[in-house]
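J.: the sequence isn't on hand, but the structure is:
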Ligand SMILES: Cc1cc2nc3c(=O)[nH]c(=O)nc-3n(C[C@H](O)[C@H](O)[C@H](O)COP(=O)(O)OP(=O)(O)OC[C@H]3O[C@@H](n4cnc5c(N)ncnc54)[C@H](O)[C@@H]3O)c2cc1C
């Protein structure tokens, strides 16, 4: 078994960018070569800006190379929860931003000719408990009735038309969500940005940031110092000390994935005949899909823990047990890959973007960033070019997580809380 993301292992490798020259002045510096940073870089370069991206490790090292490759249309919180929090009109605006985000991603793939298996497969939301199906029914009524969206309710009696499992009490299908190859997309985006003149520096962690006035900063990296007219913090769940204001507003929660051996088309036709991006309805949820080469990718917040090799292996064992409970037919299927990554959870599980002390940022995708990080890269390029309305999350206050001073000591307690909620609800 490989403890490396399947996506990065099966995507073409870009050139080595760990020996680039760092120094002098640049118009825009972007911290982090994930989807937010690379998309922002590409869209700023299209406007003619000189852009340098500084990445601690390599392109796609963070969540962008480690996710499920699901570009789905929902918020990180349930839509009915969003309505009670923000009111119908605002909740609708936030929700539709995710539809815009999948469109942005698709357009980028087409315009830049990125070969990444993008397909509008739709999303399958599975009810883990009978009461959850009632919740899906209410959501369907709002989505298809009041919003006019393409959703379809699948009762338990028809569940085998969508999934080869008896674990669920019905499902909601949403048609506009998409799947893609996360490694090919992230690395493809980096190459597209580089073609437009963006310089990407790998193995270049930004260790110190000093404000020179306005939005101008001096960045000290491990490989040299640079001055930038504008800086975008795009570090997601990997945000660390130099960006303390942002760090204490984000909980880096581990999410883990296993990928089976190739199962063949016939087996996959039985598991998920319509190739939907599937997830269940628990707080500590599982998500799964078929990869382009007919493997099952099965992920989840197996444990509320940080990702590291030991943690990943332990989580992999838990995920394998759950996967074979959902799909007993896979009991003897070999697991070829197991890895973990960090999700950037904000207090309210909403995206937060803007400018603070002269630094631009877009963070807090809370597990729904494949489409939104890509979209926010585009929107931040507009925002940083002087269009404040380009930020769809302008009106949300970005609250500090109480008691968060750096290391996320509180994760096991948060995990116990959500486990309890899953038992009682
Ligand atoms: C296991 C897992 C599964 C997921 N599945 C899905 C999914 O199926 N669908 C979905 O929509 N979302 C999913 N997500 C979330 C999604 O992947 C992220 O929201 C998105 O990729 C965030 O992109 P980003 O560019 O903001 O951050 P990242 O891709 O995390 O990039 C941040 C980068 O910043 C770099 N960095 C940090 N500090 C510094 C520094 N000081 N100097 C230089 N570089 C620095 C890091 O090395 C990292 O590469 C998943 C996440 C995980 C972890």
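T.: Looks like it came in fine. Just so we're clear, the structure is a prediction, and the values are computed from it rather than from any experiment.
J.: all contacts plus neighbour counts: C-alpha atoms, from now on.
T.: Noted.
J.: how far is the longest helix seen in the chain from where the chain is centred?
T.: Longest helix of the chain, by residue count under DSSP state H: helix 88-111. In terms of Cα atoms, centre = their mean, to the nearest Å, the centre of helix 88-111 is found 14 Å from the chain centre.
J.: stretch 76-93 too?
T.: For stretch 76-93, the distance to the chain centre is 20 Å (Cα atoms, centre = their mean).
J.: re the thing from before, output the contacting helices and strands for the longest helix of the chain.
T.: The helices and strands touching helix 88-111, judged by 3 or more Cα pairs under 8 Å, 6 or more residues apart in numbering; DSSP states H and E, are helix 79-86, helix 370-384.
J.: partners of the helix or strand that that helix is followed by in the sheet?
T.: Downstream of helix 88-111, the next assigned helix or strand under DSSP states H and E is strand 123-126. With DSSP bridges as the test, strand 123-126 is paired with strand 170-174 (antiparallel), strand 277-280 (parallel).
J.: what does the first one contact?
T.: Residues from elsewhere that reach strand 170-174 (Cα atoms under 8 Å, 6 or more residues apart in numbering): 122-127, 133, 136-137, 140, 150-159.
J.: between the helices and strands packed on helix 88-111, which gets nearest to the ligand?
T.: Nearest of the helices and strands packed on helix 88-111 to the ligand, taken as Cα to the nearest ligand atom: helix 370-384 at 3.8 Å.
J.: work out for me the element the nearest residue to residue 10 once chain neighbours are set aside sits within.
T.: Spatial nearest neighbour of residue 10, chain neighbours left out: residue 183 (7.4 Å); criterion: Cα to Cα, 6 or more residues apart in numbering. Per DSSP H and E: residue 183 is located in helix 182-195.
J.: which bits of the stretch 151-300 of the chain sit near the ligand?
T.: Within the stretch 151-300 of the chain, the positions lying close to the ligand (Cα under 6 Å from any ligand atom) are 204-207, 234-240, 255-257.
J.: can I get the residues you listed in TSV with neighbour count?
T.: Compiled in TSV, those are given as follows (neighbours: other Cα atoms under 10 Å):
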residue	neighbour count
204	25
205	19
206	22
207	15
234	27
235	28
236	32
237	25
238	19
239	24
240	17
255	27
256	31
257	28
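J.: out of the helices and strands packed on helix 88-111, which gets nearest to residue 245?
T.: Closest to residue 245 of the helices and strands packed on helix 88-111, according to Cα to Cα: helix 370-384, at 18.8 Å.
J.: average pLDDT for that closest one?
T.: Helix 370-384 carries an average pLDDT of 98.
J.: show me what it packs onto, helices and strands only.
T.: Using 3+ Cα pairs under 8 Å, 6+ apart, the elements in contact with helix 370-384 are helix 35-46, strand 70-71, helix 88-111, strand 359-363.
J.: chain neighbours aside, what residue packs nearest to residue 323?
T.: In space, and not counting its chain neighbours, residue 323 is closest to residue 298: 6.8 Å by Cα to Cα, 6+ apart.
J.: next, the one you found: secondary structure please.
T.: strand (DSSP: H, G, I helix; E, B strand; the rest coil).
J.: ok, back up a step: between the helices and strands packed on helix 88-111, which one is nearest to residue 116?
T.: Using Cα to Cα, these put helix 370-384 closest to residue 116, at 12.9 Å.
J.: ok, residue 254 - how many residues close by?
T.: 24 (other Cα atoms under 10 Å).
J.: let me know which of the helices and strands packed on helix 88-111 is tucked in deepest.
T.: Here the criterion is mean neighbour count by mean count of other Cα atoms under 10 Å, and of the helices and strands packed on helix 88-111 the winner is helix 370-384, at a mean of 26.
J.: what's next to that one, contact-wise?
T.: 35-41, 43-44, 64, 67, 69-72, 98, 100-102, 104-105, 230, 360, 362, 365, 388-391.
J.: the same query, at a cut-off of 7 Å, please.
T.: By Cα atoms under 7 Å, 6 or more residues apart in numbering, the residues outside helix 370-384 that reach it are 35-37, 39-40, 43-44, 64, 69-71, 98, 101-102, 104-105, 362, 390-391.
J.: what subset of the residues you listed is also close to the ligand?
T.: By Cα under 6 Å from any ligand atom, the members of the contacts of helix 370-384 lying near the ligand are 35, 36, 37, 64, 69, 70, 71.
J.: what's the farthest-apart pair in these?
T.: Taking every pair in these and measuring Cα to Cα, the maximum separation is 18.8 Å, between 37 and 70.
J.: and the helices in this protein?
T.: Applying DSSP H to the chain gives helices spanning 6-9, 35-46, 79-86, 88-111, 130-140, 182-195, 244-247, 265-271, 309-326, 370-384, 411-424.
J.: before we move on, the earlier item: can you redo the helices and strands packed on helix 370-384 as CSV with mean pLDDT?
T.: Output for those, formatted as CSV (pLDDT from 0 to 100):
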stretch, mean pLDDT
helix 35-46, 98
strand 70-71, 98
helix 88-111, 98
strand 359-363, 98
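J.: tell me the bridge partners for residue 233.
T.: Assessed by DSSP bridges, residue 233 has beta-bridge partners residue 31, residue 361.
J.: does it touch residue 33 like I think?
T.: No. Look at residue 233 against residue 33 with Cα atoms under 7 Å: they stay out of range, at 10.4 Å.
J.: these two: who's more crowded?
T.: A direct count of neighbours by other Cα under 10 Å for residue 233 and residue 33 places residue 33 higher, at 31 against 21.
J.: next, find the distance separating the more buried one from the ligand.
T.: 5 Å (Cα to the nearest ligand atom, to the nearest Å).
J.: for burial, what's the neighbour tally of the closest residue in space to residue 401 that isn't next to it in sequence?
T.: Nearest non-adjacent residue to residue 401, counting by Cα to Cα, 6+ apart: residue 249, 5.3 Å away. If you count neighbours by other Cα under 10 Å, residue 249 ends up with 24.
J.: just residue 213 next, same as before
T.: 10.
J.: which residues does the closest residue to residue 16 other than its chain neighbours contact?
T.: Closest residue to residue 16 apart from its sequence neighbours, by Cα to Cα, 6+ apart: residue 202 at 7.9 Å. Shown in contact with residue 202 (Cα under 7 Å, 6+ apart): 17, 18, 54, 55, 56, 57, 58.
J.: in stretch 2-13, what counts as buried?
T.: With burial defined by 16 or more other Cα atoms under 10 Å, the residues of stretch 2-13 counted as buried are 5, 6, 7, 8, 11.
J.: between those, which is nearest the ligand?
T.: Closest approach to the ligand among these (Cα to the nearest ligand atom): residue 5, at 9.1 Å.
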